[in-house]
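Asks: Need coordinates for the below:
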Amino acid sequence: MSRIGKKPVQITAGVTVTVEGSHVSVKGPKGELDRTFSELVTISQEGEEILVTRNDESTDSNAQQGLTRTLISNMVEGVSKGFEKKLELTGVGYRAALKGKDLDLSLGYSHPVIYVAPEGISFEVPDNTHIVVKGISKEQVGQVAAEVRSKRPPEPYKGKGIHYEGEHIRRKLGKAAK
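Replies: Next up is the predicted model:
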């Protein structure tokens, strides 16, 4: 039995949720999100709560119940507060800047790397070594942050590259002198 899936999702003020079978639409002050879920679970709205129940006793529906509840909760939180991921650039000459809505990265290559912002994602560059990825979809914010990080992942010898704020990079020793 899923402990997370049994808990109802609380709908915050200013957010409207529409449930039509297995399709859920959430509207809030920051935007709108839609998603269709598995037929293994039943989604119902009772007042200011959304309940997710299993259709049968299989382990697949148990996992789907917890996943569905968490995804709906993230949708409600995203349209009300939004999500953000913070990245740091470490290394001599590694810089970030905004060009319109797009991200302009200098990462030690012979050319600048331009990352085009997808729909629903915005970038902030508080200084030239920090990047903030913002959006209403938690999945999309995490995916964009991972794609930006993949342009120059941190290397283990000097720690140069793009890494998440607070991420610990395991360092290796260099060559041993004879």
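Asks: can you pull the buried residues of the helix or strand Thr18 falls within?
Replies: Using DSSP states H and E, Thr18 sits within strand 16-20. Buried residues in strand 16-20, counted by 16 or more other CB atoms under 10 Å: Val17, Val19. (C-beta placed from N, C-alpha, C; glycine too.)
Asks: so Gly174, which of the three states?
Replies: Classification of Gly174 by DSSP: H, G, I helix; E, B strand; the rest coil places it in coil.
Asks: The closest residue to it other than its chain neighbours: neighbour count?
Replies: When the adjacent residues along the chain are set aside, Gly174 lies closest to Tyr157, with 6.2 Å between them (CB to CB, 6 or more residues apart in numbering). Tyr157: 11 surrounding residues under other CB atoms under 10 Å.
Asks: Quick one: mean pLDDT over the strand holding Thr18.
Replies: For strand 16-20, the mean per-residue pLDDT is 92.
Asks: hang on, Asn128 in a helix?
Replies: No. Using three-state DSSP, the assignment for Asn128 is coil, not a helix.
Asks: Which elements pack onto the top strand by length along the chain?
Replies: In the chain, taking DSSP state E as the definition, the longest strand is strand 83-90. Applying 3 or more CB pairs under 8 Å, 6 or more residues apart in numbering; DSSP states H and E, one finds that strand 83-90 contacts strand 130-135, helix 138-150, strand 161-164.
Asks: who's in contact with the last one?
Replies: Think strand 161-164. 85-91, 94, 107, 131, 145, 148-149, 151-155, 169 (CB atoms under 8 Å, 6 or more residues apart in numbering).
Asks: Please consider this matter closed, and thank you.
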